[in-house]
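Trainee: My questions concern the predicted model and sequence given below.
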Amino acid sequence: MINLVVAMPAEASPLISHYRLRLDHKAYGFSVYQRDVLSLITSGLGKVNAAVATMYLQACVAGNREEPGVWINVGVAGHAGLEIGQAVMAGSIRDQATNRVWQPGPVAETICPAGDILTLDKADFSYRHDEVVEMEASGFVATALRFCHRDRVQCFKVIADNAANSGRDFEPAQGSRLIAGNIARLDALIEAMTGGM
């Protein structure tokens, strides 16, 4: 199984369309979409929501597979200097509140560059951090690593704001466009992680 954890419906919308996913009407408390070997859940903002959604999706799909699936957190993020629309995979993920660090398995950087991700408890538009900043990755990765080896866990973030283009006035539709513009790279990441499962 390929399991995608996405914070917001606007970020999920182009993925639902691209992969032709259908809403699972039996899911309760979260919106879960499925088709064949791919499942997607929208978690809501923040690392706690991401952790709970990841656990919930694991419970939904656990009986549908013989091997651990791959887990990918997909969403938008900010960075001081990277260009808007640039896709980044996680080289490492650090939780700012706990300073705990996780390292997903390596993936070929021909797909997109690897970068360090910093998970914040609330949005910060100061652009003072060196890392890619967002609010879900640490909760996601800490939970997903309970189910499978780190080689089967990754975060895929698309830069939505930077020091020259503040995210204070970010609109959800922008997130949809940015994710849609990077679906080919996400497909390549999924292919690399699954071997064409």
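Mentor: Yes, it's here.
Trainee: mind listing what's buried in the longest helix belonging to the chain?
Mentor: Selection of the longest helix in the chain by residue count, based on DSSP state H, yields helix 47-61. Buried residues in helix 47-61, counting neighbours by 16 or more other C-beta atoms under 10 Å, are found at 47, 49-54, 56-58, 60-61. All C-beta atoms are positioned from the backbone trio N, CA, C, and that covers glycine.
Trainee: If we only consider these, which is nearest to Gly181?
Mentor: For those, the minimum distance to Gly181 (C-beta to C-beta) is 22.8 Å, reached by Ala50.
Trainee: Contact partners for the closest one?
Mentor: Applying C-beta atoms under 8 Å, 6 or more residues apart in numbering, we find Ala50 in contact with 5, 7, 43, 73, 136-137, 139-140, 143.
Trainee: Can you add pLDDT and distance to Ser176 and give the buried residues of helix 47-61 back as a markdown table?
Mentor: Output for those, formatted as a markdown table (pLDDT from 0 to 100; distance: C-beta to C-beta, whole Å):
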| residue | pLDDT | distance to Ser176 |
| --- | --- | --- |
| Lys47 | 97 | 22 |
| Asn49 | 97 | 19 |
| Ala50 | 98 | 19 |
| Ala51 | 97 | 24 |
| Val52 | 97 | 24 |
| Ala53 | 97 | 19 |
| Thr54 | 96 | 22 |
| Tyr56 | 95 | 23 |
| Leu57 | 94 | 21 |
| Gln58 | 93 | 26 |
| Cys60 | 85 | 24 |
| Val61 | 81 | 25 |
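Trainee: Can you tell me which of these is nearest Leu120?
Mentor: Using C-beta to C-beta, Lys47 comes nearest to Leu120 of those, at 8.8 Å.
Trainee: Assess the claim that that closest one and Glu134 are in contact.
Mentor: No - contact criterion C-beta atoms under 8 Å: Lys47 and Glu134 do not qualify, at 9.4 Å.
Trainee: how far away is the nearest residue to His18 once chain neighbours are set aside from Tyr19?
Mentor: Leaving aside its chain neighbours, His18 sits nearest to Ile183 (5.2 Å; criterion: C-beta to C-beta, 6 or more residues apart in numbering). Using C-beta to C-beta, to the nearest Å, Ile183 is found at 9 Å from Tyr19.
Trainee: and what of Ile111?
Mentor: 18 Å.
Trainee: just Gly139 next, same as before
Mentor: 23 Å.
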